[in-house]
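*Asks:* Fold the stuff below for me.
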Amino acid sequence: MSKRKYTKRSEYWKKFNNNEHPSRPTENKFEPEFSGEPFYTSDASYSDISKARTSQTGTSFTGSRNNRVSQKNPIDRFRSIAIGMLPYEYASDGVTARDAIELCQKAYANVAVFRNAIDIMSEFTNTDIYLEGGTRKSREFFEEWFKRVNIIGLKDQYFREYYRSGNVFLYRIDGRFKA
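*Replies:* Next up is the predicted model:
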């Protein structure tokens with residue numbers, strides 16, 4: 001079955017072939033006019049560019065130029081190394097190690113899920129200490145010393161601070177006790 005050829009023969013379609021468009025201006029002569037002071041004035045000159053084509057004395061073209069990049073140190077010479085973070089310096093995003101520790105401590109104080117995770121980790125880590133070997137007197141000494149320094153509380157504080165901020169400081173405590 002062949003299709004019938006379609007041709008536009010009606011007058012209706014001829015009105016769309018008109019090249020006159022209402023949005024086109026009737027006059028083709030148009031010249032821009034400047035009104036007032038210019039918004040931007042350029043003080044640029046080509047003196048810097050033309051220096052590259054002259055000799056060192058500035059008199060004429062020598063046929064060669066000096067490569068300025070090879071003579072000067074680039075600004076970001078070791079950028080990939082410089083943006084790295086050291087434990088005691090700034091991070092690439094501007095947060096210091098001190099700020100990171102402070103944020104973790106604030107999260108521990110204010111975010112329940114964070115606090116619970118750290119508490120559970122410290123509880124699993126804080127287990128009983130069993131002494132093996134040595135003499136009876138040395139075992140009694142360490143058992144008394146553990147009671148004196150409250151080893152359970154000390155370990156709990158140690159691991160909680162270790163997981164919370166990574167900063168753990170132990171202080172020396174002098175004292176006497178019977179063993």
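
*Asks:* alpha carbons only for contacts and neighbour counts from here, please
*Replies:* Will do.

*Asks:* Can you give the contact residues for stretch 153-173?
*Replies:* Residues outside stretch 153-173 that contact it (C-alpha atoms under 8 Å, 6 or more residues apart in numbering) are Ile101, Glu102, Cys104, Gln105, Tyr108, Ile118, Asp119, Met121, Ser122, Glu123, Thr125, Asn126.

*Asks:* try it again with 6 Å
*Replies:* Residues outside stretch 153-173 that contact it (C-alpha atoms under 6 Å, 6 or more residues apart in numbering): Ile101, Ser122.

*Asks:* which parts of it are buried?
*Replies:* Within stretch 153-173, the residues that qualify as buried are Lys155, Asp156, Tyr158, Phe159, Arg160, Glu161, Tyr163, Arg164, Ser165, counting by 16 or more other C-alpha atoms under 10 Å.

*Asks:* ok, now stretch 136-151?
*Replies:* Buried, per 16+ other C-alpha under 10 Å, within stretch 136-151: Arg139, Glu143, Trp145, Ile151.

*Asks:* For Ala97, state which of those is nearest.
*Replies:* Nearest to Ala97 among the buried residues of stretch 136-151: Ile151, at 29.6 Å, using C-alpha to C-alpha.

*Asks:* Check the gap between that closest one and Glu11 for me.
*Replies:* 104 Å (C-alpha to C-alpha, to the nearest Å).

*Asks:* just Arg139 next, same as before
*Replies:* Arg139 sits 116 Å away from Glu11, going by C-alpha to C-alpha.

*Asks:* just to revisit the earlier point, which pair of the buried residues of stretch 153-173 spans the longest distance?
*Replies:* Within the buried residues of stretch 153-173, two members stand farthest from each other by C-alpha to C-alpha: Lys155 and Ser165, at 15.3 Å.

*Asks:* count of neighbours near Arg98?
*Replies:* Counted with other C-alpha atoms under 10 Å, residues neighbouring Arg98 total 14.

*Asks:* Just the buried residues of the helix or strand where it lies, please?
*Replies:* Element membership for Arg98, per DSSP states H and E: helix 97-110. Within helix 97-110, the residues scored as buried using 16+ other C-alpha under 10 Å are Ala97, Cys104, Gln105, Tyr108.

*Asks:* Mind putting those residues into JSON lines with distance to Gly175 and pLDDT?
*Replies:* Formatted as JSON lines, the buried residues of helix 97-110 follow (distance: C-alpha to C-alpha, whole Å; pLDDT from 0 to 100):
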{"residue": "Ala97", "distance to Gly175": "36", "pLDDT": "73"}
{"residue": "Cys104", "distance to Gly175": "34", "pLDDT": "84"}
{"residue": "Gln105", "distance to Gly175": "32", "pLDDT": "84"}
{"residue": "Tyr108", "distance to Gly175": "34", "pLDDT": "87"}
